[in-house]
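Asker: Sharing a sequence plus its predicted fold:
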Amino acid sequence: MNTRIRKLTLLTTGALLGGALTLSIQAFADKGDSVLPLNELRTFAEVFGRIKQDYVEPVEDKKLINDAIHGMLSGLDPHSDYFDPKEFKDFKESTQGEFVGLGIEISMEDGLVKVVSPIEDTPAQKAGIKSGDFIVKIDDTPVRGLSINDAVKRMRGLPNTKVTLTIARKTETKPIVLTLTRATIQTKSVKSRLLEPGYGYIRVSQFQDHTVENFATELGKLYKDNKTPLNGLVLDLRDDPGGLLNGAVGVSAAFLPKDALVVYTEGRVQDAQMRLYANPKYYLRGGSDYYAKSPAELKSVPLVVLVNGGSASASEIVAGALQDHKRALIVGTQTFGKGSVQSVLPLSNDGGIKLTTARYFTPSGRSIQAKGITPDINAEDNSDNSFRIREADLDKHLSNPNGDAEAPKTSSKPAAAPAAKPATKNGEGDSNAKAVDSQLEQALNVLKVQQILLKKNPS
C-alpha cells in the first residue's frame, strides 16, 4: 500500500511539474513570436519524475535541475555556462582581480579540464603548469564527469590550503603529480618597464575591471621614467586569455584616433548589435577619462603588439583593431581564435548564466572565430607549442561566419624536446639568470628598424 501511495505521489509530482511547465511556457510564448517545444519539455518532466521514482539512490530536486541547466548551456558551445549563487559570486570576484585559488584559465575537452594558460605570478605558473596540460585528477577525484564549475570549485578553497593535481602532458609518458598551495590571487593585470632608453614595454595579462585605468597609469610611468618621448613601445598580449570587452576597447583607445571603430558585434537580439569606438563612453567606469593627461605622442609612437596561441578574445580584439587601422605591427604566432562574446546575465536565484550572445568583428569586418589573428611578422618563441590548444580544437566551437578557413587543429604527434634557451647576461638583479625572450627581442629589433626608416624618411 505504501509503495502504491509513493508511486502515485511521485507520478503526481511529475504531472504537476509538467502542468506547471505548460503554464509557464504558455505565459512565456505569449510574450514572444517563437514556438516553444512543449512536447520536449513534457518529456523533460517525465524523465524528472522517472528519476525521482526509480533511480537507485534518492536525488535532490535542486541537483537534478541544476545539472539539467548546466547541460543545456554547456551543450551549446565551449564558453556558455551556468553558475549557482556561490559560483556566480566567485566568477564576479575573478573579473575584479582577486580570488582564492591556483590561477589557471581552463576549458573542457573530452570530459577533461584543459589548461588554456596559467595566470602570471600564481601558484599554477610557479609549479610549472603549461598551456595544453590536461588535469585528470583533483586530489583523489577524477575530473572526467565533472562540470567545469565543479572542477573550479574543487581547485578553489581557503588560502594556504593544499590541493594535489594530476596532470597529463602529451610530451610526457607518465602523469605529473603536483601539490600546490592555494593563495589569494591578486592579479595585477598591467605591468611595464623600460627595455632600454627610449623603448618601453607594457604587458596586459588579463582584461579586468581596472585594467584600462591601470594601463593609463603604467603608460604615464613609462614616459616619466624615460624623461623624453619614447622611440617605440611593445604591447605584450601573449597568453592573455581575454576578459572584459570594454577593457579591450579602452586599451585600443590609447593608441587610436578618437572615435575610431574598435570592434563591432552581431547577434540575434538588439542588445547584441554593437559598434564600439575609441571614445571614453565605451570604456569608462565613471569619472574623467583615464587618458586625459596621457602624452599626445601615444597616438603616433611606433608600436609592436606581441601575440601567441594563448592570446584570446579581448586581446585578439585589441590586436585586430590596431592591425586593421595600421596602427601597429603584430609580431608572434597565430592567436587562439575566440571570436564570440559572452553576456553574463544574473538570475533571480542570485546565480547567473554566461551565454554566447554575439560574434565580434574587427573594424574591417574580419571574424577571427576559430581562425585567430595572423601576425604581420611570424616569430616563434623556441618553446614547444605543438600542443597549445586553440578555439578550433574545442568541441562544439562556433564556425567562422565569414566562411574563412579555420586554424589547423593541434597536432597529436609528440614534438621533439625544445632546445635549452641561453641565459641573458643581465639577470635584472636576480641571482638566477633569465632565459632569452626571443619574441620580445624581435619586437624590439622591429621598433629599431622603424626608427631608422623614420629618420631616413621623416614625415
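Answerer: Looks like it came in fine. Numbering: from 1, shown residues only.
Asker: Spell out for me which residue occupies the centre of this protein.
Answerer: The centroid of the chain falls nearest to residue 241 when counting by CA atoms, centre = their mean (3.6 Å).
Asker: That residue: which element?
Answerer: Counting by DSSP states H and E, no helix or strand carries residue 241.
Asker: can you pull out the helices in the stretch 201-350 of the chain?
Answerer: Assigned by DSSP state H, counting those that start in this stretch, the stretch 201-350 of the chain shows helices spanning 211-226, 245-253, 314-324.
Asker: Dump the host helix or strand of residue 40 to CSV, restricted to CA.
Answerer: If you go by DSSP H and E, residue 40 is part of helix 38-54. Extracted C-alpha coordinates of helix 38-54, given in CSV (Å, rounded to 0.1, in the frame of the first residue of the first chain):
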residue,chain,number,x,y,z
LEU,A,38,6.0,21.8,-25.4
ASN,A,39,6.4,18.1,-26.2
GLU,A,40,10.1,18.1,-25.4
LEU,A,41,9.5,19.9,-22.2
ARG,A,42,6.8,17.4,-21.2
THR,A,43,9.4,14.7,-21.9
PHE,A,44,11.8,16.5,-19.5
ALA,A,45,9.1,16.5,-16.8
GLU,A,46,8.5,12.8,-17.4
VAL,A,47,12.2,12.0,-17.2
PHE,A,48,12.4,14.0,-14.0
GLY,A,49,9.6,12.0,-12.5
ARG,A,50,11.2,8.7,-13.5
ILE,A,51,14.5,9.6,-11.9
LYS,A,52,12.7,10.6,-8.7
GLN,A,53,10.8,7.4,-8.7
ASP,A,54,13.2,4.7,-10.0
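Asker: helices and strands around it, which ones?
Answerer: Contacts defined by 3 or more CB pairs under 8 Å, 6 or more residues apart in numbering; DSSP states H and E place helix 38-54 against helix 2-31, helix 61-74. Quick note: C-beta positions are derived from backbone N, CA and C, even for glycine.
Asker: any low-confidence regions in this structure?
Answerer: The chain contains residues with pLDDT under 70 at 1-34, 97, 382-387, 405-435, 458-459.
Asker: Measure how far stretch 235-255 is from the centre of its chain, please.
Answerer: With CA atoms, centre = their mean, to the nearest Å as the basis, stretch 235-255 stands 11 Å off its chain's centre.
Asker: buried ones in it?
Answerer: Using 16 or more other CB atoms under 10 Å as the test for burial, stretch 235-255 gives 235-255.
Asker: likewise stretch 78-87?
Answerer: Applying 16+ other CB under 10 Å to stretch 78-87 flags 78-84, 87 as buried.
Asker: From the residues you listed, pick the one nearest residue 60.
Answerer: Closest approach to residue 60 among the buried residues of stretch 78-87 (CB to CB): residue 84, at 12.8 Å.
Asker: Could you find the closest non-adjacent residue to that closest one?
Answerer: residue 351 (4.9 Å; CB to CB, 6 or more residues apart in numbering).
Asker: Out of the buried residues of stretch 78-87, list just those in helices.
Answerer: In this view, these that belong to helices under DSSP state H are residue 87.
Asker: And the furthest pair within the buried residues of stretch 78-87?
Answerer: Every pair of those checked by CB to CB; the farthest is 78 and 84, at 19.8 Å.
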